[in-house]
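One predicted model, sequence on top.
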Amino acid sequence: MLRRILPDSFYPPTHSKKQAARATGPPSASPDPDTTAMLGLSELPQNANGENFDILEWYPHYQNCQRYFLDHAQHSSPVQAVSAYVNILLPFQRQPYPVFSATARTPSSTDAELTSGSSSTSNTPPPVSLLPYVRRLVATGMDYPGMLHGFFGDDWQSGIGPLHEKERCNYLLAARSGGWAVVKSEYDISPHETIPFLRPLQGPLEEEVVTAYRSWSEWLLLRDWEIGPRAPDGLQDSSSQSSPPPSAQE
């Protein structure tokens, strides 16, 4: 039934996350080096695979995804159908403050502009988080490239890709942490946007499983306060191996 509604582009031949062409994002202005150093952004954070990740380089791509989602995707029939099927409201459906586009101004920001006498408009998208939609697609097994492209546009790999990797890892960790009811409650959005079903992680890669094992092992160490000077010897060596750490077997 759902396949009849969605275009063929929503159904790629495989579930590999490496599919779909990477779109070139707009050139971003060089960040102030003093601000970057002050915030520590030159050191943190890392992506799901432990590689260096530049937040300032990533953010414009994320904003591109926000604009596409707000201006185009949420008003398309396929995205509306999928959102209804997985029971999550789109921004324009949220009351009492619906967001219809990336240029929509919230009441508070409009009042502030009138007070200050400014008539200029900002290109910055409204504060609508894309993460709940990524989480819902992951947990329902609908996070394949065609679907992510349909929701977030051509720049989805650079803008949503890092968050998508993290959420797939989080879903694996949630499944290991508790039973079905516990995991479902973590992915419900109260009060009316409960997740209708859970599916196993779709198209898992070996590197994703290894990364999840490593994260689970690090979590166990944190739980037991075995961090910093108390960290076990050889932790750094074990985290670089391609096989799951022994502590992940707990």
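Right, received. Where do you want to start?

okay, CA-based contacts and neighbour counts for the rest of this
OK.

so Asn52 bridges to which residues?
Gln46 (DSSP bridges).

quick one: pLDDT of it?
We have a pLDDT of 76 for Asn52.

One more: Leu44?
56.

cool, and Pro229?
So, for Pro229, pLDDT stands at 89.

And for Asp224?
Per-residue pLDDT puts Asp224 at 92.

Then Leu114?
For Leu114, the pLDDT comes out at 45.

likewise the one 4 residues further on?
Per-residue confidence at Ser118 stands at 48 (pLDDT).

Chain neighbours aside, what residue packs nearest to Phe151?
Take Phe151 and drop its neighbours on the chain: the residue closest to it by CA to CA, 6 or more residues apart in numbering is Ala73, 5.4 Å away.

right, and the one you found touches His149 too?
No - Ala73 is beyond contact range of His149, at 9.5 Å (criterion: CA atoms under 8 Å).

check contacts around the residue nearest to Phe151.
By CA atoms under 8 Å, 6 or more residues apart in numbering, the contact set of Ala73 is 79, 150-153.

List the contacts of Val134.
Counting by CA under 8 Å, 6+ apart, Val134 touches 143, 163-164, 167.

among the residues you listed, which two are most distant?
Asp143 and Leu163 (11.9 Å; CA to CA).

Alpha carbons of stretch 142-160, as CSV, please.
Only the C-alpha atoms of stretch 142-160 are listed here, as CSV (Å, rounded to 0.1, in the frame of the first residue of the first chain):
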residue,chain,number,x,y,z
MET,A,142,12.9,3.5,6.8
ASP,A,143,16.2,5.3,6.8
TYR,A,144,17.6,4.2,3.4
PRO,A,145,19.2,6.7,1.1
GLY,A,146,16.1,7.4,-1.1
MET,A,147,14.0,8.2,1.9
LEU,A,148,16.6,10.5,3.5
HIS,A,149,17.0,12.3,0.2
GLY,A,150,13.3,12.7,-0.1
PHE,A,151,13.1,14.2,3.4
PHE,A,152,16.3,16.3,3.5
GLY,A,153,17.4,17.0,-0.1
ASP,A,154,20.5,16.7,-2.1
ASP,A,155,22.8,17.7,0.8
TRP,A,156,21.6,15.1,3.1
GLN,A,157,24.8,13.1,3.3
SER,A,158,26.8,16.1,4.4
GLY,A,159,24.1,17.7,6.6
ILE,A,160,22.2,14.7,8.0
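
Report the separation between the residue nearest to Phe151 and Val182.
Taking CA to CA, to the nearest Å as the measure, Ala73 falls 31 Å from Val182.

likewise Asn170?
According to CA to CA, Asn170 and Val182 sit 14 Å apart.

Give the full set of residues in contact with the closest residue to Pro196 other than its chain neighbours.
Leaving aside its chain neighbours, Pro196 sits nearest to Val86 (6.2 Å; criterion: CA to CA, 6+ apart). Val86 sits next to 136-137, 140, 195-197 when contact means CA under 8 Å, 6+ apart.

Tell me how far Val86 lies from Tyr171.
Plainly put, Val86 is 16 Å away from Tyr171 if you go by CA to CA.

With Cys65 instead?
As judged by CA to CA, Cys65 and Tyr171 stand 22 Å apart.

of the two, who's got more company?
Ranked by neighbour count (other CA atoms under 10 Å), Cys65 and Tyr171 place Cys65 first, with 26 against 20.

Is that one within a helix or a strand, and which one?
For Cys65, the host element (DSSP states H and E) is helix 55-71.

Go through that helix and flag the buried ones.
57-58, 60-71 (16 or more other CA atoms under 10 Å).

Tell me which helix or strand comes right after it.
helix 77-85.

relative to helix 55-71, how tilted is that following helix?
Counting by axes from the mean of the first three to the mean of the last three CA atoms, to 10 degrees, helix 77-85 lies at 90 degrees to helix 55-71.

Which strands or helices does helix 77-85 pack on?
The contact analysis (3 or more CA pairs under 8 Å, 6 or more residues apart in numbering; DSSP states H and E) places helix 77-85 against helix 2-5.
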